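Visitor: Sequence unavailable; structure follows:
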């Protein structure tokens with residue numbers, strides 16, 4: 001997880017994951033990141049997941065940089081990182 005976060009940060013890329021451990025890295029360990037999108041859509045069909053994630057990125061693109069975003073079926077939470 002550390003290496004993946006480092007690479008994404010160095011490349012200036014948003015990291016899209018379903019691994020909740022990245023929340024600990026970003027908040028508790030205060031790791032620097034260009035932005036993380038945590039996808040919480042377990043049990044959702046792949047094509048539906050793609051649609052939900054694509055729509056969220058298109059709608060909130062300007063807010064996702066330097067933020068920790070959680071996408072679920074019922075909500076999208078965006079928390080800016082310091």
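Guide: Received it, and whenever you're ready, just let me know what you need. Just so we're clear, the structure is a prediction, and the values are computed from it rather than from any experiment.
Visitor: Determine the three-state secondary structure at the residue nearest the centre of the chain.
Guide: In the chain, the C-alpha closest to the average C-alpha coordinate belongs to residue 37, at a distance of 0.8 Å (C-alpha atoms, centre = their mean). Three-state call for residue 37 (DSSP: H, G, I helix; E, B strand; the rest coil): strand.
Visitor: So for it, what's the pLDDT?
Guide: Note on residue 37: pLDDT of 98.
Visitor: List the beta-bridge partners for it.
Guide: Beta-bridge partners for residue 37, by DSSP bridges, are residue 16, residue 69.
Visitor: residue boundaries of the strands in this structure?
Guide: For the chain, the strands defined by DSSP state E cover 15-17, 36-40, 67-72, 76-80.
Visitor: other SSEs contacting the longest helix along the chain?
Guide: If you go by DSSP state H, the chain has its longest helix at helix 46-64. In terms of contacts (3 or more C-beta pairs under 8 Å, 6 or more residues apart in numbering; DSSP states H and E), helix 46-64 is packed against strand 36-40, strand 67-72, strand 76-80. Just so you know, the C-beta spots here come from the backbone N, C-alpha and C atoms, and that holds for glycine as well.
Visitor: give me the low-pLDDT residue ranges for this protein?
Guide: Along the chain, the model assigns pLDDT under 70 to no residue.
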